[in-house]
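Colleague: kindly generate the corresponding structure for this input.
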Amino acid sequence: MASHEITIRQPVNYVADDWSECETVKDAWNVDPNTREPVHRLVTTAPDDLERALRHAERVYDIGRWDEDARRERAAMLERAAEIIETRAEDIARADSLTSGTPISVTRKVAAFLPARIRASASDLLNIPRVTELAAGGRDVRLYKVPWGPAAILTPWNGPSFIPAAKIASAIAAGCPVILKPSEHAPSSAQIIVECFVQAGLPSGALQLVHGTGGVGATLTADSRIKIVSFTGGPGAGRAIARAGAEDFKVLQLELGGNNPVLVLDDADLDVAADGILDGMTKLNGQWCEGPGKILAHRGLVDPLLEALTERISKLVVGHSLDEDADIGPISNAPHFQTLQRRIERLRELGASIRQPAQLPELDGFFMSPTIAVGADAAAATAELFGPVVSLHAVDSDEEALRVANADPSGLDAYVFGADTDRAIEIGSRILSGEVRVNGAKIADLGDDSAQSFWGPAGIGGHGSAESVRVFCGDRVVGVDSPELPL
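Modeller: The predicted structure is shown next:
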């Protein structure tokens with residue numbers, strides 16, 4: 001059994017190139033999800049400090065030099081940040097585990113991947129042309145890739161290290177001054193990431209860190225000095241950001257989520273389907289926006305699939321997130337734990353029977369057995385679950401499954417299980433979603449050049465190389481006009 005020692009410090013801000021104390025929220029604490037014991041005071045950022053951060057980001061923004069030497073210099077800084085993060089991998093993994101509830105065996109894999117993601121941004125910085133000559137009949141016309149300006153990056157509690165690291169690296173590579181606000185429920189990993197970037201020798205104002213609840217994020221996203229907002233989180237907050245951004249037409253990258261459908265076709269291999277669904281519903285404790293939600297299985301497979309999932313869940317070790325042998329840990333925080341309980345009860349009200357076969361540990365944390373809700377009205381079971389919970393519904397045909405899946409689309413991810421892969425892929429291509437995985441539920445991109453748009457309520461923008469460094473840059477065409485043009 002691993003040490004359960006808590007090593008999380010009180011969060012601090014990094015504003016205008018200096019570390020500074022945060023304000024504390026009266027009678028509010030961040031707690032260990034394994035025990036509900038207080039870890040540190042809930043913190044926020046005073047209005048004056050937030051204004052300092054905004055002024056500094058505006059002051060340092062400059063299109064700057066993007067010749068080869070300048071790009072190599074900034075890429076080298078990103079490489080140094082990656083090297084420093086490698087030395088802090090265990091700190092990051094423990095912070096992730098103690099705030100998201102994800103088992104340490106998983107958060108170590110995430111922490112080990114962070115340097116590669118940052119190095120990928122360094123590579124993009126060197127390989128994506130910042131100035132391209134355009135064909136213009138011999139005239140000098142150039143296409144510039146220009147950083148939009150100060151960027152507000154708002155990140156969630158379920159990916160407390162990877163999402164901040166990836167977005168920061170992309171924005172810094174693009175040249176946007178960054179103000180990062182991590183989730184108030186999981187601020188610690190993001191702070192370690194910022195410490196590593198600062199140690200790597202960032203230019204003044206390239207990165208600032210402010211802590212706080214939704215009000216801090218709302219102030220950032222509404223401020224006219226912020227030119228681009230990159231947000232990962234819930235649809236309610238995403239809509240509020242979109243409304244605020246519409247006032248001055250900010251550039252938005254919003255990854256929201258939904259109730260991702262799973263189609264189990266009549267020729268599906270039952271073991272492959274059960275293993276894949278279990279993997280998806282327990283990965284990161286089910287707390288990932290692309291995880292499986294609503295299973296639409298051929299009627300003849302519902303009962304055997306239910307039994308296969310029940311058997312597998314009953315063998316899982318639900319335990320303290322720092323235990324080496326835990327398969328699944330606690331839900332990250334009290335508000336989400338309560339939300340999941342309400343959504344399970346709502347499925348029960350819709351006619352579902354609830355199966356929760358895993359044994360829970362003797363700890364006073366936010367623990368929940370992976371849950372199968374079977375038999376609810378599929379048309380009404382639309383709420384995003386975002387936890388180790390799936391609903392299971394019978395369908396009689398591929399067309400019915402597609403109709404139900406697309407009636408209330410997630411727009412983010414979907415899954416198809418079937419022995420005939422050509423058929424499964426063809427059916428998958430008809431689901432209203434940015435990515436459809438066949439016979440599996442992994443997190444890593446399906447291919448090196450994968451590009452995933454956020455369809456409909458899933459948000460604005462997407463995943464893929466074109467949505468990393470490039471999303472933080474706008475196009476600007478500059479060149480010599482010609483009197484010979486017809487108009």
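
Colleague: can you show me the CA trace of stretch 429-437 as CSV?
Modeller: Extracted in CSV, the C-alpha atoms of stretch 429-437 (Å, rounded to 0.1, in the frame of the first residue of the first chain):
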residue,chain,number,x,y,z
SER,A,429,-19.6,7.5,-39.9
ARG,A,430,-23.3,8.3,-39.6
ILE,A,431,-23.2,9.3,-35.9
LEU,A,432,-23.2,13.0,-35.2
SER,A,433,-19.9,13.1,-33.4
GLY,A,434,-16.4,14.3,-33.9
GLU,A,435,-14.8,11.0,-33.2
VAL,A,436,-16.1,7.4,-33.3
ARG,A,437,-14.1,4.5,-31.9
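
Colleague: for it, buried residues please.
Modeller: Buried residues in stretch 429-437, counted by 16 or more other C-beta atoms under 10 Å: 430-437. Every residue, glycine included, has its C-beta placed from N, CA and C.

Colleague: mind saving the C-alpha coords of the lengthiest strand in the chain as PDB?
Modeller: Ranked by residue count and defined by DSSP state E, the top strand of the chain is strand 23-31. This file holds the C-alpha atoms of strand 23-31, laid out as PDB (Å, rounded to 0.1, in the frame of the first residue of the first chain):
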ATOM      1  CA  GLU A  23      -7.400  35.400  -0.900                       C
ATOM      2  CA  THR A  24      -9.100  32.700   1.000                       C
ATOM      3  CA  VAL A  25     -12.800  32.000   0.800                       C
ATOM      4  CA  LYS A  26     -14.400  32.100   4.300                       C
ATOM      5  CA  ASP A  27     -15.400  28.700   5.700                       C
ATOM      6  CA  ALA A  28     -14.500  26.800   2.500                       C
ATOM      7  CA  TRP A  29     -12.000  24.100   2.000                       C
ATOM      8  CA  ASN A  30     -10.500  21.800  -0.600                       C
ATOM      9  CA  VAL A  31     -10.800  18.300   0.700                       C
END
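
Colleague: re earlier: so can I have TSV of the buried residues of stretch 429-437 showing pLDDT?
Modeller: Formatted as TSV, those follow (pLDDT from 0 to 100):
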residue	pLDDT
430	97
431	96
432	94
433	93
434	91
435	93
436	95
437	95
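
Colleague: now secondary structure and distance to residue 128 too, for the residues you listed, in a markdown table please.
Modeller: What follows is the buried residues of stretch 429-437, written out as a markdown table (DSSP: H, G, I helix; E, B strand; the rest coil; distance: C-beta to C-beta, whole Å):
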| residue | secondary structure | distance to residue 128 |
| --- | --- | --- |
| 430 | coil | 33 |
| 431 | coil | 31 |
| 432 | coil | 30 |
| 433 | strand | 28 |
| 434 | strand | 22 |
| 435 | strand | 23 |
| 436 | strand | 28 |
| 437 | strand | 28 |
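
Colleague: what is the neighbour count of residue 146?
Modeller: 17 (other C-beta atoms under 10 Å).

Colleague: okay, domains of this protein per the record?
Modeller: 12-256+463-476, 260-449 (automatic domain parsing).

Colleague: can you give me the offset of the strand or helix carrying residue 304 from its chain's centre?
Modeller: Secondary structure from DSSP states H and E places residue 304 in helix 299-314. Its chain's C-alpha centre and that of helix 299-314 lie 30 Å apart, by C-alpha atoms, centre = their mean, to the nearest Å.

Colleague: going on from it, what's the next piece of helix or strand?
Modeller: helix 334-349.

Colleague: tell me what that following helix is packed against?
Modeller: strand 353-355, strand 371-374, strand 389-395 (3 or more C-beta pairs under 8 Å, 6 or more residues apart in numbering; DSSP states H and E).

Colleague: so which of these comes closest to residue 98?
Modeller: strand 389-395 (22.6 Å; C-beta to C-beta).

Colleague: ok, and what's touching the closest one?
Modeller: 262, 277, 281, 286, 292-299, 302, 305-306, 340, 343-344, 347, 352, 368, 370-376, 378, 381, 385, 401, 404 (C-beta atoms under 8 Å, 6 or more residues apart in numbering).

Colleague: on the pLDDT front, check residue 235 for me.
Modeller: Looking at residue 235, its pLDDT stands at 88.

Colleague: what about the nearest residue to residue 312 once chain neighbours are set aside, neighbour count?
Modeller: Spatial nearest neighbour of residue 312, excluding adjacent residues (C-beta to C-beta, 6 or more residues apart in numbering): residue 278 at 5.0 Å. Counted by other C-beta under 10 Å, the residues lying close to residue 278 total 23.

Colleague: residue 278 in helix, strand or coil?
Modeller: helix (DSSP: H, G, I helix; E, B strand; the rest coil).

Colleague: in the sheet, which strands lie alongside the lowest-mean-pLDDT helix or strand in the chain, parallel or antiparallel?
Modeller: In the chain, the helix or strand scored least confidently by mean pLDDT, DSSP states H and E is strand 462-463, which has a mean of 76. Sheet pairing for strand 462-463, assigned by DSSP bridges, gives strand 452-453 (antiparallel).

Colleague: who touches the strand it pairs with?
Modeller: 434-435, 445, 461-464.

Colleague: could you check how far the closest residue to residue 343 other than its chain neighbours is from residue 413?
Modeller: In space, and not counting its chain neighbours, residue 343 is closest to residue 383: 5.3 Å by C-beta to C-beta, 6+ apart. Per C-beta to C-beta, to the nearest Å, residue 383 is found 16 Å from residue 413.

Colleague: next: residue 5.
Modeller: 36 Å.
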